[in-house]
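# Based on what follows, work out the 3D shape:
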Amino acid sequence: DHPRETQHNWLWVFVFALIAALSITEFHANRADLLFLFGEDVQTAPTSEWVKGLSSTWCAVGISMISLFCNHMFQEPVRLSVGRCTVLSFDWRWVECLFILILLGLYTWIIIAYTGVNGVISGPSNPYFGVWGSFFCSIFTFGSWLKENKRYVQELS
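This next block holds a predicted model:
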């Protein structure tokens, strides 16, 4: 058991993001053999699409790894004091919330842009389940974050 409720959610976000990232990387490695449906046209994916796919999925993996590490290291706010004055206070929980919202926005964009009926990753495949799994786990992570930090959120209201 971990004292932070979001820790195990971050682990699942990491697992699904890694599945999506490795799958997209494998697609990229074999891109000469792949044809995708873009709108009505069947064609190879342009370089800009590969850059978007690879960077977004690997950024999600990086964010989830950083979150796993910081959740473990910064369970309480860190305060840097000089004498009696607090010079710097770092509360990881707010950065964590920002990371969760970034991932929710990122996965919402990926789902809308790429997993529709005519989307590039519309069928049952590793990238499809990786993206949807990461999206749902990000929602669960946000719910756990709200539950764990409800007193902080109530102070803002």
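# gap between Tyr107 and Ala21?
Look at Tyr107 and Ala21: by Cβ to Cβ, to the nearest Å, they are 13 Å apart. Placement of C-beta: from N, CA and C, glycine included.
# actually Ser122, not the one I wrote
For Ser122, the distance to Ala21 - Cβ to Cβ - is 19 Å.
# out of the two, which sits in the more crowded spot?
Ala21 (22 against 13; other Cβ atoms under 10 Å).
# And the pLDDT at the more buried one?
pLDDT, Ala21: 95.
# In contact with it, which residues?
Contact analysis of Ala21 by Cβ atoms under 8 Å, 6 or more residues apart in numbering lists Leu54, Thr57, Trp58, Ala60, Val61, Gly130.
# C-terminal to the helix ranked longest in the chain, which secondary structure element comes first?
The residue-count maximum for a helix in the chain (DSSP state H) belongs to helix 47-73. Heading C-terminal from helix 47-73, the first helix or strand you meet, by DSSP states H and E, is strand 78-82.
# hang on, the earlier thing: mind checking which of the contacts of Ala21 are buried?
With burial judged by 16 or more other Cβ atoms under 10 Å, the buried subset of the contacts of Ala21 is Thr57, Trp58, Ala60, Val61, Gly130.
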